[in-house]
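I need the structure of the sequence given here:
(2 chains)
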Amino acid sequence: MTDTQPIEKNCVGPDAEYIKLISSDKKEFLVKRSLAEAYSGTIKRMLGGPTIFAEGEPNQIEFSHISSPVLEVICKYLEHQAEVEVIEQNGGEIPEFVIPLEIAVNVMLAADFLEC
Amino acid sequence: MHLYSLPSDVFLVIRRKKTTIFTDCKDSATVLELKKIVEGITKIPPADQRLYTTNSAIMEDSKTLQDYGFNATTSKAQNPTSIGLTFKLSSGEFEDLELCPYSTPPELPDVMKSQDANGQEQAS
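Sure, this is the predicted structure:
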């Protein structure tokens, strides 16, 4: 691999290995597609359903009812879940996942919607 | 399905204006490798990117994440390290580092303020 080659990220659409989650206030969050599909049943269905994304279009989902702080916590939780799975396989202590109190209720509503 | 296999993974959040990219890499990865990951997502070549540490220091391509103090202990999945990103403008200058803050969460209702950290009894 030479220095001029970008790391191949299976870019079928512009963000193919990553998907874009857009919050109600238009903030964009890119997470690895494999992560989102593995730990959120809703996102997995959204990506595999009738709204198949055309070639060349970014794979993105808009959440008009989820605000950016909440979506940020959700993204961190998806990563956390992946880490937990590794820890469970290797043994070890699972780190605590802290959610700020102000948005805790909204996070729970979003998590319920996203099935994660 | 396990996605991460080694404890040396550094979890990062790369932020530019209104975009946040959640990603991870090894602490031995160089800044240039990180820029290539960004290139794959944004289509901007590494030469037109600039990455900044949390105290707005410009990161050099040849250094590793470890050199900047990022390692698996400091950058966990639930609390990733934030890295700033700017692109080079058509004028040849780099944009100013600008991270749009997330929207302010709504004011906590009085009912919840009086409770302890277990304010999760109510599901609306």
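
From now on I want contacts and neighbour counts done on CA atoms only, so please keep to that.
Will do.

Tell me the helices and strands packed up against the lengthiest helix in chain A.
Under DSSP state H, the helix in chain A containing the largest number of residues is helix A:68-90. Applying 3 or more CA pairs under 8 Å, 6 or more residues apart in numbering or on different chains; DSSP states H and E, we find helix A:68-90 packed against strand A:28-32, helix A:33-39, helix A:104-114.

So for that helix, mean pLDDT?
Throughout helix A:68-90, pLDDT has a mean value of 87.

Just the buried residues of that helix, please?
A:68-87 (16 or more other CA atoms under 10 Å in any protein chain shown).

would you turn the helices and strands packed on helix A:68-90 into a markdown table with mean pLDDT?
Converted to a markdown table, the helices and strands packed on helix A:68-90 look like this (pLDDT from 0 to 100):
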| stretch | mean pLDDT |
| --- | --- |
| strand A:28-32 | 89 |
| helix A:33-39 | 87 |
| helix A:104-114 | 89 |
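
closest to chain B out of those?
Nearest of those to chain B, taken as CA to the nearest CA: strand A:28-32 at 4.5 Å.

elements contacting the closest one?
strand A:18-22, helix A:68-90, strand B:19-26.

With only the CA atoms kept, save that strand in PDB.
The C-alpha atoms that make up strand A:28-32 are tabulated as PDB, following Å, rounded to 0.1, in the frame of the first residue of the first chain:
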ATOM      1  CA  GLU A  28     -24.500  14.700  11.600                       C
ATOM      2  CA  PHE A  29     -23.100  11.700  13.300                       C
ATOM      3  CA  LEU A  30     -21.100   9.100  11.400                       C
ATOM      4  CA  VAL A  31     -20.800   5.700  12.900                       C
ATOM      5  CA  LYS A  32     -19.600   2.400  11.400                       C
END
